[in-house]
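Asker: following is a predicted model, sequence given first.
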Amino acid sequence: MPKRPINFLRKLKLAIIYLCDKDRDYGLVTECGICKSVKIKRVAHEDSGKEYKADYKCLSCGAVGGCRERWKRGY
């Protein structure tokens, strides 16, 4: 999926949400794939050593999504 440049208003929105949201316990900021909102809540996560899985819910439109990351040493 190609990345789009982020315009000024989206950067401002991300900064305000990041600074005002004290409940975040992680540093990931992402946007909804449906409505492009950045009001995302992590509803479940699992960390098993080298693999991380998480499920997210958009607080604006109710869409759900997830991700899976596999980590390895970069020699």
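Answerer: Nice, thanks for sending it over. Residues are numbered from 1 along each chain as shown.
Asker: does the residue lying closest to residue 61 once chain neighbours are set aside belong to a helix, a strand or coil?
Answerer: Of all residues beyond its chain neighbours, the one nearest residue 61 is residue 35 (4.4 Å), with distances taken as C-beta to C-beta, 6 or more residues apart in numbering. In short, each C-beta sits where N, CA and C put it, glycine included. Judged by DSSP: H, G, I helix; E, B strand; the rest coil, the three-state class of residue 35 is coil.
Asker: contacting residues for the residue positioned nearest the centre of the chain?
Answerer: For the chain, the residue lying nearest the average C-alpha position, counting by C-alpha atoms, centre = their mean, turns out to be residue 30 (3.1 Å). Contacts here follow C-beta atoms under 8 Å, 6 or more residues apart in numbering; on that basis residue 30 touches 38, 40, 56.
Asker: read off the pLDDT value for the last one.
Answerer: You'll see residue 56 listed with a pLDDT of 93.
Asker: tell me the bridge partners for it.
Answerer: For residue 56, the beta-bridge partners under DSSP bridges are residue 42, residue 65.
Asker: just checking, it touches residue 62?
Answerer: No - applying C-beta atoms under 8 Å as the test, residue 56 and residue 62 come out as separate, 11.5 Å apart.
Asker: of the two, give the one with the bigger neighbour count.
Answerer: When residue 56 and residue 62 are compared for neighbours, residue 56 comes out ahead with 20 against 10, by other C-beta atoms under 10 Å.
Asker: which residue ranges of the chain form strands?
Answerer: Remark: strands assigned in the chain by DSSP state E are 40-48, 51-58, 64-70.
Asker: now render these as a markdown table, adding distance to residue 4.
Answerer: Formatted as a markdown table, the entries for the strands of the chain read as follows, by distance: least, C-beta to C-beta, whole Å:
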| stretch | distance to residue 4 |
| --- | --- |
| strand 40-48 | 18 |
| strand 51-58 | 18 |
| strand 64-70 | 18 |
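Asker: so of these, which one's packed in deepest?
Answerer: Comparing the strands of the chain by mean neighbour count (mean count of other C-beta atoms under 10 Å), strand 51-58 comes out on top with a mean of 16.
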